[in-house]
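Colleague: I'd like to go over a predicted model; first the sequence, then the structure.
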Amino acid sequence: MESIIARLEAIEEGALKEIKAAQTIEQLESLRIKYLGRKGEVTTTLRQLGKIPSEQRPLVGKKGNEIKEKIQLALEEATEALKQKIAAEVKHIDVTLPGRRAYSYGTLHPITQVMREICDIFLRLGFDIAEGPDVELDYYNFEALNIPPHHPARDMQDTFYISSDVVLRTHTSSIQIRVMEKEKPPIRIIAPGAVYRCDADVSHTPMFHQVEGLLVEKNVSFSQLKGILTTFMEAVFGEGIGVRFRPSFFPFTEPSAEMDISCVICGGKGCRVCKGTGWLEILGCGMVDPAVFEKVGYDPEIYTGFAFGLGVERIAMLKYGIDDIRLFFENHLGFLKQF
Ligand code: DAH
C-alpha cells in the first residue's frame with residue numbers, strides 16, 4: 001500500500017510541475033492524456049488496486065481520486081490562464097493595418113507560357129496554327145502516319161484505347177494528316193496540343209504537350225529543316241546554344257533525325273542532367289515519308305516536306321531547371337507562383 005501511495009504522490013508532483021511549465025493548449029492536452037487518459041499514469045497505477053488487501057483499498061482509492069482531481073484542476077486553471085494570455089495578445093493586433101492580399105490575380109500556367117512562347121516564335125517564322133481532336137481515330141494517329149496495325153512502332157507509345165479504332169492521341173503528328181487532307185500545298189503549320197500515353201515517372205506524365213510542325217512545298221530540303229529548328233532553339237535558349245542532328249527512325253519521316261542541344265545546365269562540359277555527354281535530346285524530325293503523302297493524295301514526285309515534333313514540358317524543364325515533370329501538374333501554388 002505504501003508503495004502505491006508513494007507512487008501516486010510522485011506522479012502528482014511530476015504532473016503539477018509539467019503543467020506549470022506548459023506553454024500551449026496542445027501541450028496541456030497531451031499532459032491530460034499522459035496522466036489522466038485511459039492509459040495514463042494515474043489510471044494505470046490505480047488499476048493495480050486489485051492487488052492490495054481489500055481493507056486498504058478505500059484509503060488508496062480515496063488518495064487516487066484526490067490526486068486525479070488536483071491534476072484535473074491544475075490543468076483547467078492552466079488552460080484558462082493560457083487562453084487569457086492569448087486573448088490579451090490578440091488585443092494588441094492593429095486592426096487598422098491593411099489585410100494580407102489573397103492570390104486574387106491568377107497567372108498563366110508555366111506550360112501555357114512556354115507553349116505560347118514556342119507558338120510565337122513559329123508564328124514569326126511564318127507558320128500558322130492548326131488544331132485537331134484529343135480523342136482521335138486510330139487512322140490519323142497511326143495508320144495514315146505509316147504505322148499499320150501490329151507495326152512495332154505502336155509499342156513505342158503506350159496508347160490509351162477508347163475502342164479498337166479510337167485512341168487518345170499519343171502525339172500531335174495526327175494533325176499533319178488532318179491538315180493535308182483538307183488543304184493543298186504550300187503548307188506551313190504548327191500543331192500544339194495535349195497528348196496522352198500510359199506512362200508515369202519523374203520524366204513522364206500520362207498527359208503532356210507537344211508542338212508538331214509540318215512544312216510542305218516543292219523542293220524542300222533537309223537544310224531548311226535544320227535552319228528553322230536551329231533558329232527556333234536560339235530563340236528559346238539563346239544565341240550561344242549548340243545544336244546537332246543524329247540519324248534516327250520514325251515511320252512517317254525518311255530520313256529521320258533527332259536533334260540535340262548543348263546541355264543548358266553545364267554548357268556542354270558534362271553533368272548529371274546530360275549524363276556526362278554534354279548534349280540533350282530535344283526533338284524528333286525528318287523529311288515527310290512519301291508513303292504519308294500518298295495517304296493524303298499528294299504526289300511525292302512533286303511535293304517534299306519536313307516535319308518535327310517537340311515536347312513542351314521537356315523544353316520548360318530545361319528552360320527553368322526543373323528535374324521532375326510531375327511538379328507541373330500537382331498544382332502547388334508555391335511552385336506555380338514562381339513563373
Ligand atoms: N511524333 C513523334 C513522337 O511523339 C515526334 C516526331 C518525330 C514528330 C519525328 C515528327 C517527326 O513530326 O518528324 O515521339
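Modeller: Noted; the coordinates are in hand.
Colleague: interface residues of this protein facing the ligand?
Modeller: H171, S173, E212, F250, T253, G284, C285, G286, A307, F308, G309 (Cβ under 6 Å from any ligand atom). Glycine gets a C-beta too; all of them are placed from N, C-alpha and C.
Colleague: and which of those is nearest V195?
Modeller: H171 (5.4 Å; Cβ to Cβ).
Colleague: Could you list which residues are in contact with that closest one?
Modeller: With contact set as Cβ atoms under 8 Å, 6 or more residues apart in numbering, H171 has these partners: N141, Q157, V195, Q210, E212, G309.
Colleague: now swap in I129 and tell me
Modeller: C119, L123, I189, I190, A191, P192.
Colleague: Bridged to F308, which residues?
Modeller: Assessed by DSSP bridges, F308 has beta-bridge partners G213, C285.
Colleague: Return the distance of the residue in the stretch 1-150 of the chain that the ligand sits nearest to relative to R169.
Modeller: Residue nearest to the ligand within the stretch 1-150 of the chain: L145 (7.9 Å; Cβ to the nearest ligand atom). Distance from L145 to R169, counting by Cβ to Cβ, to the nearest Å: 11 Å.
Colleague: before we move on, what about P110?
Modeller: For P110 relative to R169 (Cβ to Cβ), the value is 23 Å.
Colleague: Compare these two and say which one has the larger neighbour count.
Modeller: Per other Cβ atoms under 10 Å, whichever of P110 and R169 has more neighbours is R169, with 26 against 21.
Colleague: can you tell me which residues contact that one?
Modeller: The neighbourhood of R169, defined by Cβ under 8 Å, 6+ apart, consists of G132, P133, D134, V135, E136, Y140, N141, G193, V195, Y196.
Colleague: Around the second one, how many other residues sit close by?
Modeller: Residue neighbour count, defined by other Cβ under 10 Å, stands at 13 for P133.
Colleague: One more: the fifth one?
Modeller: E136 sits with 24 neighbouring residues when counted by other Cβ under 10 Å.
Colleague: how about it, secondary structure?
Modeller: strand (DSSP: H, G, I helix; E, B strand; the rest coil).
Colleague: where does the nearest residue to it once chain neighbours are set aside fall, phi/psi-wise?
Modeller: Sequence neighbours aside, R169 is the residue nearest to E136 in space, at 4.1 Å (criterion: Cβ to Cβ, 6 or more residues apart in numbering). R169 adopts backbone torsions of phi -60, psi 140, taken as degrees, to the nearest 10.
Colleague: could you measure R169 against G37, distance?
Modeller: Where G37 is concerned, R169 sits at a distance of 59 Å (Cβ to Cβ).
Colleague: What of A81?
Modeller: 22 Å.
Colleague: Likewise for V195?
Modeller: For V195, the distance to G37 - Cβ to Cβ - is 56 Å.
Colleague: Please give the element, helix or strand, for D120.
Modeller: helix 110-124 (DSSP states H and E).
Colleague: following that helix, which helix or strand comes up?
Modeller: That would be, after helix 110-124 and using DSSP H and E, strand 128-129.
Colleague: for the record, mean pLDDT for that next one?
Modeller: For strand 128-129, the mean pLDDT works out to 98.
Colleague: contacting residues around T230?
Modeller: By Cβ under 8 Å, 6+ apart, the contact set of T230 is V243.
Colleague: so it is in which element?
Modeller: Counting by DSSP H and E, the element that carries T230 is helix 222-237.
Colleague: Quick one: residues in contact with the helix or strand following that helix.
Modeller: Downstream of helix 222-237, the first helix or strand assigned by DSSP H and E is strand 243-250. Counting contacts by Cβ under 8 Å, 6+ apart, the residues outside strand 243-250 that touch it are 153, 226, 229-230, 233, 255-262, 279, 284-286.
Colleague: Alpha carbons only: can I get strand 243-250 in PDB?
Modeller: Output of strand 243-250 as PDB, limited to C-alpha atoms (Å, rounded to 0.1, in the frame of the first residue of the first chain):
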ATOM      1  CA  VAL A 243      22.900  22.000 -81.900                       C
ATOM      2  CA  ARG A 244      23.500  18.700 -83.600                       C
ATOM      3  CA  PHE A 245      21.400  16.300 -85.600                       C
ATOM      4  CA  ARG A 246      21.700  12.500 -85.300                       C
ATOM      5  CA  PRO A 247      20.200   9.900 -87.600                       C
ATOM      6  CA  SER A 248      17.100   8.200 -86.200                       C
ATOM      7  CA  PHE A 249      13.900   6.400 -87.200                       C
ATOM      8  CA  PHE A 250      10.300   7.500 -87.300                       C
END
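Colleague: Can you give me the buried ones in it?
Modeller: V243, F245, F250 (16 or more other Cβ atoms under 10 Å).
Colleague: now, which of the contacts of I129 sits nearest E12?
Modeller: Nearest to E12, judged by Cβ to Cβ, of the contacts of I129 is P192 at 73.0 Å.
Colleague: Most neighbours among the contacts of H171, which one is it?
Modeller: When the contacts of H171 are compared by neighbour count (other Cβ under 10 Å), N141 ends up highest, at 26 neighbours.
Colleague: what about that residue, distance to T172?
Modeller: 10 Å.
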